[in-house]
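Chemist: return a 3D structure for these sequence lines:
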Amino acid sequence: MTGNELDESPIDQSLAIIIATYNEIDNLPTLVEQLTSLLPEAEILVIDDNSPDGTGNWCDENKSRYPSLHCIHRSGKLGLGSATVEGLGWAIDQRHSFVATMDADFSHNPATLPDLFRKISQDADEKLAVAIGSRYVPGGAIEGWPWFRRFASKAVNRFARLWLGLSTRDNSGAFRVYRTSALQAIGLESIHSKSYSYLEEILYRLKQAGFRFTEHPIVFKDREHGVTKTNWKLGVKVFWELFLFRFT
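Modeler: Residues are numbered from 1 along each chain as shown. Below you'll find the model as predicted:
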């Protein structure tokens, strides 16, 4: 195996897939079905923020159909950052070797997830902490976004690279596979952000601890069903929290 080629042999590491949801009933059933087919040995944890559309109820009703499916029901819309950190903690407690995070709306192609797992699991270096599904490396792309969302995303990523000293090009994407031993090393209690800036904060904390990252190109597609949770207020909050990271 040379260069960026990946061994296509089955993945045998202990894997968990974390999906934070709020009103994703139009997407989650199909996503769970596809993930179960692609990665039958993986466990899937849905963290639902009391979705009014019944997303969490669907998980409970389909537990017998998908034995690898688990669900944490939270009391309300408590934020993507806190949901993801809770899921990462669950994966550590369950002693998984690796844990993936992805969106529920198919903006992250499930078919790419096995490649991300291989990217990190085939690397023997324990200092490789994260494999990032990247929109901003050669081969990566974004489909369906208006110009202002593209501009805002590139601005956040450029600021994160310059201000936090991150070498990766896509620091705000949630399609990732982490090595749980690396997350244990930094301590999840060190992650303070409850908004989307948790993505950059995790990388920053890992960088401070001496870990390294790798990126794999993905094509990010805007959601077809449901309503996006992002807005300009969240964007401003992300910039402010990124600015504060270096002082905490």
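
Chemist: make sure Val156 is indeed in a helix.
Modeler: Yes. Val156: assigned to a helix according to DSSP: H, G, I helix; E, B strand; the rest coil.

Chemist: what residues are up against the closest residue to it other than its chain neighbours?
Modeler: Leaving aside its sequence neighbours, Val156 sits nearest to Ser172 (C-beta to C-beta, 6 or more residues apart in numbering; 5.2 Å). The C-beta positions use only the backbone N, C-alpha and C, and glycine is treated the same way. When contacts are counted by C-beta atoms under 8 Å, 6 or more residues apart in numbering, Ser172 touches 153, 156-157, 160, 196, 199-200, 238.

Chemist: just Cys71 next, same as before
Modeler: Counting by C-beta under 8 Å, 6+ apart, Cys71 makes contact with 45-48, 56, 59-60, 63.

Chemist: do Leu35 as well
Modeler: 17, 42, 44, 110, 113.

Chemist: so how far is Ala209 from the residue nearest to Phe106 when sequence neighbours are not counted?
Modeler: Distances taken as C-beta to C-beta, 6+ apart put Asn27 closest to Phe106, at 6.0 Å, once the chain neighbours are dropped. Remark: distance between Asn27 and Ala209 (C-beta to C-beta, to the nearest Å) = 34 Å.

Chemist: who has more neighbours, the two?
Modeler: Counted by other C-beta atoms under 10 Å, Asn27 and Ala209 do not tie: Asn27 has more neighbours, with 21 against 14.

Chemist: per-residue pLDDT, Ser64?
Modeler: pLDDT recorded at Ser64 is 95.

Chemist: count the residues that sit near it.
Modeler: Counted with other C-beta under 10 Å, Ser64 comes out at 7.

Chemist: tell me the secondary structure for it?
Modeler: At Ser64 the chain is in coil, as set by three-state DSSP.

Chemist: phi, psi for it please.
Modeler: phi -70, psi -30 (degrees, to the nearest 10).

Chemist: what's the answer for the one 10 residues further on, then?
Modeler: Per-residue torsions, Arg74: phi -100, psi 160 (degrees, to the nearest 10).

Chemist: grab the nearest non-local neighbour of it.
Modeler: Looking at Arg74 with C-beta to C-beta, 6+ apart, the closest residue is Asp49, at 5.0 Å.

Chemist: could you do Ala185 as well?
Modeler: Ala209 (5.8 Å).

Chemist: check contacts around that neighbour.
Modeler: Contacts of Ala209 (C-beta under 8 Å, 6+ apart): 182, 185-186.

Chemist: no further queries at this time; thank you.
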